Each structure stands twice: as C-alpha cells, then as structure tokens.
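*Asks:* Whatever this is, show me its structure:
(one chain, ligands or ions: 1)
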Amino acid sequence: MVTIDNAWFSKLQYAKITKMRFYIKPNIFEDSILLNLKNEIETFFQAKLVTVESEANVVFVLDKSIYPGYLVKKMNQEKVIILAAETVSLLQGFYYYLLNLINNDFNDVRQTPNQAIRMIDHWDNFDGTIERGYAGRSIFYENNQFLDDYNRVKMYARMLASVGINYIALNNVNVHHEETFLISAKHLAKVKFLADIFGKFGIKVMLSVNFASPIRFGDLKTADPLDEQVQQWWQTRANLIYDLIPDFGGFLVKADSEGEPGPFAYGRDHAQGANMLARALAPHHGIVIWRTFVYNAHQDWRDRTTDRARAAYDNFMALDGKFDDNVTLQIKFGPIDFQTREPVQPLFGALEKTNQIIEFQVTQEYTGHQIDINYLLQQWYEVLHFDTKHGQPELLLKDVPQTKSPVPQNSGVAAVGNVGRDDNWTGNKLAQANLYGFGRIAWDADLTPEQILSEWLQLTFGKLEHLDVIKEIMLSSNATYEAYTAPLGVGFMVTPQNHYGPSIDGYEFDRWGTYHFADRNGLGVDRTVKTGTGYTRQYADANYAKYEDLTTCPDELLLFFHHVDYTHVLHDGKTVIQHIYDTHFEGVEKVKQYLALWPQLEDELAPIDYQNVLEHLNRQLKNAVEWRDQMNTFFYRMSGIPDNQERKIYA
Ligand code: GCV
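*Replies:* A predicted model of the protein is given here:
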C-alpha cells in the first residue's frame with residue numbers, strides 16, 4: 001500500500017486539535033468552502049463541531065470589515081474567534097490558527113496578504129510526465145487520461161490552502177498536442193472534477209492554453225487575434241468552460257516563446273493577443289495571465305549584440321498601458337531563467353500601467369533537481385527585498401505588484417510547483433520546505449527564511465533535539481549550492497537540456513544564448529552601455545549607475561554585468577580566479593559537513609525521512625565534486641594561474 005507523506009500536517013500534531021470544539025455562526029452562507037471547513041474539522045482533524053457557541057474553543061464569525069485576510073482574536077485562554085469577510089478567509093484563518101497552535105501560543109493576529117494572487121503553476125503534461133519535475137510523475141494525469149486520485153489531490157489542495165495559495169494552473173505552459181484539447185468538451189468534465197476539489201479549498205484553477213487552438217481544433221485556418229472569427233471562437237470556448245465550471249480562474253499563456261505559437265505570426269503584438277483572450281473571459285470574470293518569457297531562442301553565438309537578458313523589457317515595456325484590466329503579465333523574477341543568482345528583472349518598477357505577477361520556480365530546475373538540498377527562501381527573500389529604485393524613498397520588489405498594477409487584485413506572485421507522485425511529494429523530503437515557504441512569503445514577504453524554516457520544521461517533525469543541525473544545513477544550503485556551481489552571477493554552465501551538473505561550455509555555442517565568454521584572460525558577459533549590450537540601461541538610474549560601474553557592481557553579480565580578467569580584484573580582496581577556486585573547494589567541504597552532521601538526526605526522524613535525505617546528500621556530494629573539479633580544472637587550464645593554496649586541481 002502506498003502511504004502518502006502528510007507533509008506539514010504531520011500526524012504528531014493532530015492530537016492537540018482533536019480535543020477542540022468549533023462553532024460556526026449560523027448566519028454564514030454555506031458555500032462549498034464552508035462545507036469543506038466543517039468537513040475538515042470533523043473528518044480530517046476529527047474534532048467536534050458544536051451547536052452551542054458557549055461550548056466552543058474556536059468560533060467562526062463573518063465580518064465584512066475584515067477584508068482581505070482574517071483576524072484571529074484571543075478572547076481568553078480557552079477561546080478564540082476567527083473573523084473574516086469571506087468563507088475562503090475563514091478557512092485560511094482556521095489553518096493559520098491550527099498551525100500556530102502547534103507552534104505554540106499567540107495573541108491577536110490580523111493577517112492581510114501582501115499579494116492578491118498567490119499561485120502555483122504546474123508544468124504537468126497529460127501523458128504523466130512533468131517538465132522540470134523531480135518527484136515522480138504527475139499527480140493529475142497519466143497516459144493522456146486524468147488520474148482521478150481524489151485523495152491525493154485533496155491532500156495537496158489542503159497543503160496549498162493552509163499556506164494561502166489561491167490559484168493553480170493545472171497543466172504545462174508548453175501546451176502539447178493532447179493538452180490543447182483540455183478546453184474541449186471531451187476533457188472539461190474532468191477539469192471540473194479537479195476544479196471542484198481545489199474550489200472547496202478556495203483555490204481557483206486555470207489552464208494553460210495554446211494560442212493556436214482555433215487552428216489545432218481544426219475549426220479555423222488562423223489564430224489571428226484581430227480576426228473576428230477567432231475572437232468568436234474563443235468566446236464560444238469561454239462560454240462552454242464557464243457553463244461547466246463557473247468559478248474557473250482563466251487562461252495562462254506562453255506565447256511566441258520557445259516554439260509556442262503566438263500573435264507575432266500575424267504581425268500582432270502581445271497586447272493584441274492577450275486582450276483578445278481577455279475579452280472572451282471578461283464576461284465570466286476570468287483573467288488571462290500572459291508570460292513575458294519571450295526571447296530569441298535562435299541566436300547566433302557569433303552575434304555579440306543579441307542579449308537574452310534584454311528580451312522581456314524590449315518586448316513588453318512599450319506595451320505598458322495597452323493591456324486590458326483582466327490581463328496580468330507573469331514576469332520571471334530575473335531577466336534570464338530562474339538561475340541561482342541573477343539580478344531582478346528591470347521591468348519591475350518600470351511598468352506603471354500593467355497588472356503584474358512575479359514568477360518564481362519552486363521546482364529545482366537550475367538549483368539542484370531536488371537531489372541537492374537548496375532552501376530557496378534565502379534567494380526569494382533577497383529578491384523580494386530588492387529596491388528597484390523606482391519609488392521614494394524606495395520601491396521594493398515585494399511591493400511592486402500591489403502598487404504598480406492598475407487592478408491590484410489581478411496581481412501577485414506565482415511559482416512553478418515541485419510536487420509529483422513520489423510518496424513524499426517532493427523527492428527530497430527537505431524540498432517540501434520550499435513549497436511551504438513559497439506560500440508563506442506569497443502571503444507575507446517579510447517573514448524571514450529562518451522564521452519560515454522554524455515553522456516548517458516544527459510542523460513537519462515536531463520537537464527536535466538536533467534542531468540546530470537541520471537548521472544549519474538548510475539555512476546554508478542555498479549559498480553552498482551557489483558556491484560549487486556557476487560563479488559570480490554568470491549563470492548556466494549546466495548540462496544542456498536537463499540542467500543538472502556541470503557543462504561549462506554546454507550553452508556557449510548554442511542557439512538559446514546564455515554565454516560566459518571565458519578565454520585565457522577572463523570571463524563574464526559585458527552588459528554595460530559603454531562597451532556591452534546596454535542591458536544595464538533598462539534599470540532605474542541609481543541601479544543602472546550601480547551595475548554599469550565595475551567598482552560599484554556587487555561582486556555576486558559581477559560576471560552577469562561585466563567581462564573581467566581573472567586577476568580582477570573583488571571587494572573582499574580576492575581575485576576572480578581565486579574566488580572560483582575557493583568557493584568550489586569550500587562548497588564541497590560544506591556538503592561533506594552536511595553528511596557528517598546528518599547522522600545526529602538518525603534517532604529523531606522517521607527512518608524513511610532520515611534515509612531519504614541521507615541518500616540525496618550522497619548524490620549531492622557527487623554532484624558538488626564534479627562541479628568543483630570541472631570548474632577548477634577548466635579555469636586553471638584557461639588562465640594558467642595556480643590556486644594559492646595548492647589544493648588538488650586536475651590540470
Ligand atoms: C516550460 C525554461 C525551462 C523550460 C520551461 C521554460 C518556461 O526555459 O527550461 O522547460 O518551459 O523555462 O519557463 O517556459
């Protein structure tokens with residue numbers, strides 16, 4: 001029998017809750033979310049729903065003034081009330097209360113989410129595979145059929161709802177043949193099945209659609225957004241979807257990107273493409289989430305003027321203000337592609353009249369495939385607190401969606417999810433923390449990585465004697481991964497296609513265009529206005545000045561912005577080449593340290609979790625060693641400069 005991991009709803013914790021009594025004020029409209037709340041109390045937590053308020057420990061109250069979010073009010077040691085304007089917020093308040101109860105005591109809390117849209121994007125294909133998935137096959141599909149695994153999907157919906165996720169895209173943004181028909185009568189009944197499960201947990205479902213659908217369905221010869229028949233086709237399609245699924249969220253679209261069709265084929269721009277779909281959804285209150293991941297994927301490495309980093313801004317800045325109110329641009333947090341280190345995308349703060357979503361990647365595509373431990377909250381916290389310099393006295397990235405979107409409720413954050421059909425959801429047990437953490441920072445970007453980790457550890461493992469061990473490993477893991485992979489923001493250098501492990505020149509002469517330009521003197525990409533691609537000018541003046549100037553450019557992004565000699569001296573006094581050697585040796589030592597520390601947890605964790613992490617750590621060590629040796633050898637051969645500590649380099 002398959003036992004599915006309870007993730008942060010660990011069985012350890014239920015006992016406390018089982019003894020509690022809940023009361024729901026009778027004036028609350030009984031929609032599917034409220035029914036589910038009752039069900040969660042009685043069936044999942046096996047606690048009591050009482051009919052007399054005075055007998056309850058927790059009372060739910062509808063209060064129109066508490067919007068958005070909820071208020072958990074402590075009346076006395078015995079009783080709290082949870083107030084909110086909507087049933088979905090009552091449900092979220094319920095989980096918040098329970099999770100905090102487990103994490104001990106608290107006083108009154110008024111929780112308002114930082115972001116309106118808090119979304120997980122699935123890159124699941126209908127055949128059961130997951131693009132960039134590292135935890136087994138899809139929890140939704142197999143062999144071009146729906147799995148109908150009610151139990152697993154419900155567990156997943158609960159996990160997401162408990163951290164406040166409210167949107168989910170069910171299929172890959174690369175919409176292949178069969179997936180194109182998810183919006184056809186043939187499949188919509190099953191989409192509804194999933195929409196109903198997620199809907200009960202306050203999560204709206206969206207589908208990724210193929211822009212060329214009218215052609216692929218065999219109905220029309222064009223998908224031109226200005227063609228009336230095309231517009232009509234999408235309207236009819238939207239009507240069909242909403243007839244069946246009235247609370248359907250809308251469409252997620254990857255267009256004119258990496259082979260996906262889009263409006264460019266008809267000489268139309270992205271606003272024309274997105275608005276056409278948005279107008280079909282508007283009568284039903286649906287939205288279009290349109291991705292800005294549009295770049296030339298047929299580059300010639302000989303051409304030094306094309307720069308993939310520039311692409312989103314070059315394609316979308318001029319369209320600011322041209323998108324309908326129910327269109328939201330989904331913009332990757334960095335200009336390239338979810339690298340371990342890259343600067344923040346300059347569109348943020350510059351766009352003034354367009355709804356925006358910041359896109360992250362929970363699935364560890366470039367960040368270790370959920371083999372290597374990589375607690376990504378470190379990266380996200382830093383990125384979300386980046387000052388775009390587009391505001392006075394500051395405009396941090398975390399505040400951009402709400403303040404720069406004309407319709408703030410159509411803005412927020414999204415992330416590519418990391419779960420699959422593995423028993424523990426994420427392959428590496430510790431990667432669950434990234435999913436939990438994404439939900440938490442989507443709600444409150446000021447929670448620190450440490451705070452979130454403490455919550456997650458407590459919820460998942462209960463009280464641990466060697467808490468410091470697991471914390472030390474996880475909190476240093478993001479820096480460790482960065483240390484043994486590509487240095488100083490240069491990025492990529494990964495094995496082509498699968499993106500795990502080193503391949504320094506793997507993308508150097510490739511059409512996708514992400515190069516390091518290493519030669520015998522130095523490396524890095526010159527993106528300055530003065531001598532390079534001019535990308536730096538896309539930033540607000542203060543950031544432009546900082547990145548353009550070699551002396552003020554932060555070291556961790558040096559090679560993203562500048563091509564420098566190996567002997568260039570960093571702010572800490574080290575040369576670039578010595579930094580490469582040091583970080584790669586140190587990165588491996590760190591992983592060895594993790595392996596040495598981990599056994600301290602053997603008696604405290606369930607054997608399955610202990611072994612799972614141990615096994616992944618062993619694989620991580622192999623990966624780190626491979627990176628270290630390839631990087632050090634490559635750059636030693638290129639530069640001819642020895643390591644000043646004379647450590648082993650395979651020359
Ligand atoms: C879904 C990167 C990934 C692709 C992914 C793409 C995207 O390029 O490697 O697998 O495609 O991003 O975000 O659309």
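
*Asks:* List, one by one, the residues from the protein near the ligand.
*Replies:* 123, 131, 132, 172, 173, 174, 254, 293, 337 (Cβ under 6 Å from any ligand atom). For every residue, glycine as well, the C-beta is placed using N, CA and C.

*Asks:* mind running it again at 5 Å?
*Replies:* Neighbours of the ligand within the chain, by Cβ under 5 Å from any ligand atom: 131, 174, 293.

*Asks:* What is the burial count for the residue nearest to the first one when sequence neighbours are not counted?
*Replies:* Looking back up the chat, that one is residue 131. On the basis of Cβ to Cβ, 6 or more residues apart in numbering, the spatially nearest residue to residue 131 that is not a chain neighbour turns out to be residue 123, at 4.1 Å. When neighbours are counted by other Cβ atoms under 10 Å, residue 123 registers 21.

*Asks:* Residue 123 is in contact with residue 363, isn't it?
*Replies:* Yes - counting by Cβ atoms under 8 Å, residue 123 does reach residue 363; the two are 7.3 Å apart.

*Asks:* Overlap of the contact sets of these two?
*Replies:* Taking Cβ atoms under 8 Å, 6 or more residues apart in numbering as the contact criterion, the residues that touch both residue 123 and residue 363 are 132, 133, 416, 417.

*Asks:* Now tabulate these in TSV and tack on secondary structure and neighbour count.
*Replies:* TSV is the format used below for the shared contacts of residue 123 and residue 363 (DSSP: H, G, I helix; E, B strand; the rest coil; neighbours: other Cβ atoms under 10 Å):
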residue	secondary structure	neighbour count
132	coil	18
133	coil	27
416	strand	25
417	coil	30
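
*Asks:* What I need now is the residues you listed written out in TSV, including pLDDT for each item.
*Replies:* Converted to TSV, the shared contacts of residue 123 and residue 363 look like this (pLDDT from 0 to 100):
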residue	pLDDT
132	98
133	98
416	98
417	98
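
*Asks:* Between these, which sits nearest residue 67?
*Replies:* Each of the shared contacts of residue 123 and residue 363 was checked against residue 67 using Cβ to Cβ; the closest is residue 417, at 27.9 Å.

*Asks:* where does the closest one fall, phi/psi-wise?
*Replies:* Backbone geometry at residue 417, expressed as degrees, to the nearest 10, gives phi -70, psi 170.

*Asks:* how about the nearest residue to it, chain neighbours excluded?
*Replies:* With Cβ to Cβ, 6+ apart, the residue lying closest to residue 417 is residue 120, at 4.4 Å.

*Asks:* okay but that neighbour is in contact with residue 415, surely?
*Replies:* Yes - using Cβ under 8 Å, residue 120 is in contact with residue 415, at 6.2 Å.

*Asks:* residues bridging contact with those two, i.e. touching both?
*Replies:* Common neighbours of residue 120 and residue 415 are listed as 362, 438 (criterion: Cβ under 8 Å, 6+ apart).

*Asks:* Can you show me the strands along the stretch 251-400 of the chain?
*Replies:* 287-291, 327-332, 355-361 (DSSP state E, counting those that start in this stretch).

*Asks:* Let me know the average pLDDT across stretch 251-258.
*Replies:* When pLDDT is averaged over stretch 251-258, the result is 96.

*Asks:* Next: stretch 488-499.
*Replies:* pLDDT averaged over stretch 488-499 equals 96, rounded to a whole number.

*Asks:* Please apply the same query to stretch 75-82.
*Replies:* 89.

*Asks:* try stretch 557-569
*Replies:* Looking at stretch 557-569 alone, the average pLDDT works out to 98.

*Asks:* Quick check: end-to-end length of that stretch?
*Replies:* 14 Å (Cα to Cα, to the nearest Å).

*Asks:* picking up where we left off before, neighbour-wise, which one of the residues of the chain next to the ligand leads?
*Replies:* residue 293 (20 neighbours).

*Asks:* thinking that residue is in contact with residue 315, fair?
*Replies:* No - here residue 293 does not reach residue 315: they are 9.8 Å apart, not a contact under Cβ under 8 Å.
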